[in-house]
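> here's a sequence, model it:
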Amino acid sequence: MEDTKKLKEKLAHYEKENEDLKLKVEELTDFFENASMPLHWVDGEGIIIWANQAELDALGYAKEEYIGFPISNFHADQEVIQDILTRLTNNETLLDYSAKLQCKDGSIKHVLINSNVLRKNGKFVHTRCFTRDITEKIREDQRKSDFVSLVSHELKTPLTTISSYSQLLMKNTKKDEGINFQAATKIQAQAKKMTAMIHDFLNLARVEEGQIRLNEETFELYPLVEEITGDARILDTKHKVRLIDCEAVTLFADREKIGQVLMNLLSNAIKYSPMGGTITIGCRKQPGKVNIYVSDEGLGISKTDQKRLFERFYRVTNDKVKTIGGFGIGLYLVAEILRQHNSQIQVYSQEDEGSTFHFDLEMVISNKTTTFRF
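Just a heads-up that it's a prediction; the model follows:
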């Protein structure tokens, strides 16, 4: 009799636990069903086995038009969906994976997918996918890119004309005629400065689109450095610019983009050394490579700011530099251009003691390029 009583008590306990578990499952199901973030599950064959209402609403499908169909039916890029399925069946977790989904009305949604895999006894059960719509951000970025490209193109035409006329004036004006030659020289230097800024904006647009390309060639570094420092000396009389040991350095790289790197570093050295001083562009030659550096005696950079210095649009905002203009793209582009050259920009700086930016490039020796890896 006592055993029967205990069995009944256990049975009642298990029934209560079972009801509690059912309630929790119902609550969890209701949570997922009504979640504001689009969710869907996909089995090992790539078939959608469940989707919440937010997912259906986002793409415009009814349940019977979406659940039970291959996920590939709703992806605009078949190579991407195949890559996703391969990764997931290999038990990889997707974090902010970029994809394009096809809506019922024919429009395309750009999304970031976060997904992981549910396995039971080591066997694949299904994936759980969360999608975040970034369509408007993609469109906004494209509008910005198109605007930058358009404005940059429109500015290049008059600047080319200004540069041509200034060169003509310099050619027809003797150096000893004073103000006329100096004015023409300054016009030419300012036109080059504006052209460099335009190149920065264009390169920014190309970097964001993943379309930056290198036109590599063999060239001597010293003439390029002389050209850049010559323009700087015309525009700036506060600073002394000196070159150290950059002769006999031959590179195989994109000459124009390496010029943009050096121009950005030199311009920053001038801007952030408001009291003047010496700016040095130097080279340290090593076996198979050269370390190129730009040093100044300016304001320096705090350790905190150094960590974010090469982020897009990041600018130091302390009281010492609040009057110094800029867009915060120069060093970002420097980092990207050097990354394309398998190199890396580095900085050493102490506040109130100046800064040194430096990077390595391969040198051409006996018409052969030696490879250096970080």
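
> from here on, just use CA atoms for contacts and neighbour counts.
Will do.

> residues in contact with stretch 91-107?
With contacts defined as C-alpha atoms under 8 Å, 6 or more residues apart in numbering, stretch 91-107 is touched by 58-61, 74-77, 80, 87-88, 108-117.

> can you give me the end-to-end span of it?
Start-to-end span of stretch 91-107 (C-alpha to C-alpha, to the nearest Å) is 31 Å.

> on that earlier part again, need the buried ones from the contacts of stretch 91-107 selected in ChimeraX.
Listed next is the ChimeraX selection for buried residues among the contacts of stretch 91-107, using 16 or more other C-alpha atoms under 10 Å:
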select :59,60,61,74,75,76,80,88,108,109,110,111,112,113,114,115,116,117
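
> so which of the contacts of stretch 91-107 are in helices?
58-59, 80, 87-88 (DSSP state H).

> how about stretch 122-130: buried residues?
124-130.

> which ones among those are found in strands?
In strands, judged by DSSP state E, the following of these are found: 124-130.

> columns distance to Gly354 and pLDDT on top of those, output as a markdown table?
What follows is these, written out as a markdown table (distance: C-alpha to C-alpha, whole Å; pLDDT from 0 to 100):
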| residue | distance to Gly354 | pLDDT |
| --- | --- | --- |
| Phe124 | 58 | 77 |
| Val125 | 59 | 76 |
| His126 | 57 | 79 |
| Thr127 | 53 | 83 |
| Arg128 | 52 | 83 |
| Cys129 | 50 | 88 |
| Phe130 | 48 | 88 |
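
> I'd like the residues you listed as TSV, with distance to Val148 appended.
Formatted as TSV, those follow (distance: C-alpha to C-alpha, whole Å):
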residue	distance to Val148
Phe124	48
Val125	48
His126	44
Thr127	41
Arg128	39
Cys129	36
Phe130	34
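
> which parts of this protein are helices?
With DSSP H as the criterion, the chain has helices at 2-33, 53-59, 63-66, 78-89, 135-172, 179-208, 221-235, 255-271, 303-306, 330-340.

> how about these in CSV, adding mean pLDDT and distance to Leu95?
Formatted as CSV, the helices of the chain follow (pLDDT from 0 to 100; distance: least, C-alpha to C-alpha, whole Å):
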stretch, mean pLDDT, distance to Leu95
helix 2-33, 54, 20
helix 53-59, 90, 18
helix 63-66, 92, 24
helix 78-89, 82, 11
helix 135-172, 76, 18
helix 179-208, 72, 20
helix 221-235, 84, 42
helix 255-271, 89, 33
helix 303-306, 84, 28
helix 330-340, 88, 23
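
> could you dump those into CSV with distance to Thr356 added?
What follows is these, written out as CSV (distance: least, C-alpha to C-alpha, whole Å):
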stretch, distance to Thr356
helix 2-33, 54
helix 53-59, 51
helix 63-66, 58
helix 78-89, 43
helix 135-172, 31
helix 179-208, 22
helix 221-235, 17
helix 255-271, 9
helix 303-306, 12
helix 330-340, 13
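
> looking at the ones you listed, which is closest to Glu45?
Checking the helices of the chain against Glu45 by C-alpha to C-alpha gives helix 78-89 as the closest, at 8.7 Å.
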